[in-house]
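**Student:** Model the following, please.
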Amino acid sequence: MTATDSSGRPGGPGDPGIPAGTFGAYDVHDGRAELAPGTAPDDPRFVNDDLLPVPVAERRWTTYNFAALWVGMAHNIPSWMLASGLVALGMDWKQAVLTIALANVVVLLPMLLTGHAGPKYGIPFPVLARASFGLRGANLPALIRAGVACAWFGIQTWIGGQGVFVLFDKVLGVLFDVSWADASRIGGQPWTLWLCFVLFWALELAIIYRGMEALRRFENWAAPFVIVGALALLGWITAKAGGLGPLLDQPSALGWGADFWPVFFPALMGMIAFWATLSLNIPDFTRFGAGQRSQVLGQSLGLPTTMTLFALLSVLVTSGSQAVYGAPVWDPVALAARTDNVFGLLFALVTVLVATLSVNIAANVVSPAYDLANLAPKLVNFRTGALITGVVGIVIMPWKLTVTPELYIFTWLGLVGGLLGTVAGILIADYWLVRRTVLDLAGLYRPDGPYWYRGGWNPAAVLAFAVGGVLAVGGSHSAPGAGPFPEDGLIPFLKPLADYGWAVGLAASLLLYTVLMRRGGASRSSARSS
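**Tutor:** Numbering: from 1, shown residues only. Predicted coordinates for the structure are as follows:
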């Protein structure tokens, strides 16, 4: 093992070939950097054990681990219902699957670009954000990401609790002729539904409380189990239907002409936004990677292929449901509940549990746990952050966002995608265009280091975020009577950009941040130390 500066040049303290302030990291033969023994920063305002770089010896996630992570996260009820939402908007199954496939190919690129810093430096997303936003400014993107994750956590937990309620109610009905749905109501819902919801919530936090290694082991076996469950559902409905039914032959209500594109582009941005959250905080996972090859191959094999196949599978199963029941049943839980076979119901119940746990823990608890730890490292560690996420995710009641496809895809996913695309543009510009992947590892934790900027904030990043965010979401609008935004847009002249929010935010912030940093003194002072 050879001591180097953070750009990989051999040397040590006092070596004239090493810029000042870079020693404190050394590279292993495969280009993975870590803090030298005895040099870990200890300022409690910016450091705790969960935010420090993962030691090279503990970066063990392989290609399979990353692929399994994505298989486990992609196979969940909201993913299954994405195609149904697009069909409800007028697409046929081919258009819906194509839209989802293209969106996941597009979002894979920023996923890989931001994920690069994980195996190389072993740092989580909020620490990576310090390089561009500043040690204090990193809390801005971190809290935005945490807020989105808390909302997703609530949505997924509610859906998972509903799944458990529906299937368990069916089991009780078959075995004992008892219905939980007849229980007294609280807040308009049976108290038994709230019980399932709370128990499901507690199970999620119990798993994540055991840490990232427990998550890796859970995802390893959850991924193949969920695949088997989805294929079993396909086999069951195909056998009952005697074929895949007439849905595959149903024409698009939009066609491929002038009516299609006004729906396609905002829907594409919404599908991108579905995983845009992970394109930011993917370093939270890749920091445990055994190398760049593991994270690149694992994510490339796991994300676009899984989401496309899952969308196709949902359409095929729904097609069979139309042949059997005379109407398409898009909700896999409602479809599974149609059987009276106790074993089949129990298998579906376990599959729903595993699928929803898999995505919610990985996608919606890990990130805000780190983000909240970054806000107050002395008071909040990873486990405390996870518990806070669980509480906030319930208090804000975000499940109401899924009431209609328009509200879910255009308003919620579109707004979120625009803001997160803006942050992604800044991260990519800083790491790849400004710094060429070279960071001062110890400086990410020091207020006297190169990422302090002005009082801990980088004005270039804040300005790029503000401009990109306004351009991305300023024109947000709703159809008449279909949403919370004015029909003409929040800022009318920006309305034409609203349907491309994620792309507009990413491109605008990336370009503006790059120009500001190359023209300003921040990049030059940082370059002398990195």
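**Student:** Any stretches of the stretch 301-450 of the chain with poor pLDDT?
**Tutor:** 398-414 (pLDDT under 70).
**Student:** try 50
**Tutor:** By pLDDT under 50, the stretch 301-450 of the chain contains no weakly predicted segment.
**Student:** likewise the stretch 1-150 of the chain?
**Tutor:** Along the stretch 1-150 of the chain, segments meeting pLDDT under 50 span 1-24.
**Student:** Now do the strands in it.
**Tutor:** 2-3, 25-27, 33-35 (DSSP state E, counting those that start in this stretch).
**Student:** what does the stretch 151-300 of the chain give?
**Tutor:** For the stretch 151-300 of the chain, the strands defined by DSSP E, counting those that start in this stretch occupy 185-186, 189-190.
**Student:** The first one - what's its average pLDDT?
**Tutor:** In this model, strand 185-186 has a mean pLDDT of 83.
**Student:** how far does it sit from the chain's center?
**Tutor:** Mean-position distance between strand 185-186 and its chain equals 33 Å (C-alpha atoms, centre = their mean, to the nearest Å).
**Student:** Tally up the residues packed near the nearest residue to Ala461 once chain neighbours are set aside, please.
**Tutor:** The shortest distance from Ala461 to any non-neighbouring residue, by C-beta to C-beta, 6 or more residues apart in numbering, is to Phe133 (4.5 Å). C-beta here means a position set from N, CA and C on the backbone, and glycine is covered the same way. Phe133 has 29 neighbours, counted by other C-beta atoms under 10 Å.
**Student:** try Val148
**Tutor:** 25.
**Student:** can you check Pro55 too?
**Tutor:** 12.
**Student:** out of everything not next to it in sequence, what's closest to it?
**Tutor:** Distance criterion C-beta to C-beta, 6+ apart; nearest residue to Pro55, sequence neighbours excluded, is Glu34 at 5.7 Å.
**Student:** and the helix or strand hosting Ala464, which residues are buried?
**Tutor:** Taking DSSP states H and E as the definition, one finds Ala464 inside helix 459-473. By neighbour count on 16 or more other C-beta atoms under 10 Å, the buried set for helix 459-473 is 460-462, 464-465, 467-473.
**Student:** Just checking: the least confident one among these is which?
**Tutor:** Ranked by pLDDT, the buried residues of helix 459-473 bottom out at Val473 (87).
**Student:** gap between the nearest residue to that one once chain neighbours are set aside and Phe465?
**Tutor:** Excluding the flanking residues, the one nearest Val473 by C-beta to C-beta, 6+ apart is Gly418, at 4.0 Å. Here Gly418 is placed at a distance of 11 Å from Phe465 (C-beta to C-beta, to the nearest Å).
**Student:** cool, and Arg136?
**Tutor:** Arg136 sits 14 Å away from Phe465 when distances are taken as C-beta to C-beta.
**Student:** Then Thr339?
**Tutor:** 50 Å.
**Student:** now do Trp256
**Tutor:** Trp256 is 37 Å from Phe465, by C-beta to C-beta.
**Student:** on that earlier part again, Throw the buried residues of helix 459-473 into CSV and include distance to Arg454, thanks.
**Tutor:** Output for these, formatted as CSV (distance: C-beta to C-beta, whole Å):
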residue, distance to Arg454
Ala460, 10
Ala461, 11
Val462, 10
Ala464, 15
Phe465, 15
Val467, 18
Gly468, 20
Gly469, 20
Val470, 22
Leu471, 24
Ala472, 25
Val473, 26
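**Student:** Show me which of those residues is closest to Ser294.
**Tutor:** Proximity of the buried residues of helix 459-473 to Ser294 (C-beta to C-beta) peaks at Ala461, which lies at 29.6 Å.
**Student:** so who does that closest one touch?
**Tutor:** Neighbour list for Ala461: 132-134, 137, 426, 430, 513 [criterion: C-beta atoms under 8 Å, 6 or more residues apart in numbering].
**Student:** In TSV: those, plus distance to Leu86.
**Tutor:** Listed next are the contacts of Ala461 as TSV, based on distance: C-beta to C-beta, whole Å:
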residue	distance to Leu86
Ser132	34
Phe133	35
Gly134	40
Gly137	37
Ile426	30
Asp430	34
Tyr513	33
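**Student:** Among the residues you listed, which lie within helices?
**Tutor:** Using DSSP state H, the subset of those located in helices is 132-133, 426, 513.
**Student:** Pick out the most distant pair among those.
**Tutor:** Once C-beta to C-beta is applied, the ones in helices among the contacts of Ala461 give Phe133 and Tyr513 as the farthest pair, at 10.1 Å.
**Student:** residues shared between the contacts of those two?
**Tutor:** Contact with both Phe133 and Tyr513 is made by residues 426, 461, according to C-beta under 8 Å, 6+ apart.
**Student:** Kindly reformat the ones in helices among the contacts of Ala461 as TSV containing distance to Leu297.
**Tutor:** Formatted as TSV, those follow (distance: C-beta to C-beta, whole Å):
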residue	distance to Leu297
Ser132	27
Phe133	30
Ile426	27
Tyr513	30
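**Student:** Please tell me how far Leu510 sits from Ala460.
**Tutor:** Going from Leu510 to Ala460 by C-beta to C-beta gives 12 Å.
**Student:** Also Pro377?
**Tutor:** The gap separating Pro377 from Ala460 is 25 Å, by C-beta to C-beta.
**Student:** what do you get for Trp191?
**Tutor:** Distance of Trp191 to Ala460, given as C-beta to C-beta: 53 Å.
**Student:** ok so, going back, I'd assumed Ala472 was in contact with the residue nearest to Val473.
**Tutor:** Yes. Counting by C-beta atoms under 8 Å, Gly418 touches Ala472, with 3.3 Å between them.
**Student:** list residues touching both of those two?
**Tutor:** Each of 501-502, 504-505 lies in contact with both Gly418 and Ala472 under the rule C-beta under 8 Å, 6+ apart.
**Student:** among these, who's most crowded?
**Tutor:** Sorting the shared contacts of Gly418 and Ala472 by how many neighbours each has (other C-beta under 10 Å) puts Gly501 first, at 34 neighbours.
**Student:** Contacts only, for it.
**Tutor:** Gly501 makes contact with 269, 273, 414-415, 417-418, 421, 472-473, 476 under the criterion C-beta under 8 Å, 6+ apart.
**Student:** what's the answer for Gly344, then?
**Tutor:** Neighbouring residues of Gly344 by C-beta under 8 Å, 6+ apart: 236, 336.
**Student:** what about it, which helix or strand?
**Tutor:** Taking DSSP H and E as the criterion, Gly344 maps to helix 342-364.
**Student:** Check which helices and strands the following helix or strand past that helix sits against.
**Tutor:** Per DSSP H and E, the first helix or strand lying C-terminal to helix 342-364 is helix 366-375. Other helices and strands packing on helix 366-375, by 3 or more C-beta pairs under 8 Å, 6 or more residues apart in numbering; DSSP states H and E, are helix 125-133, helix 139-176, helix 261-281, helix 283-286, helix 382-395.
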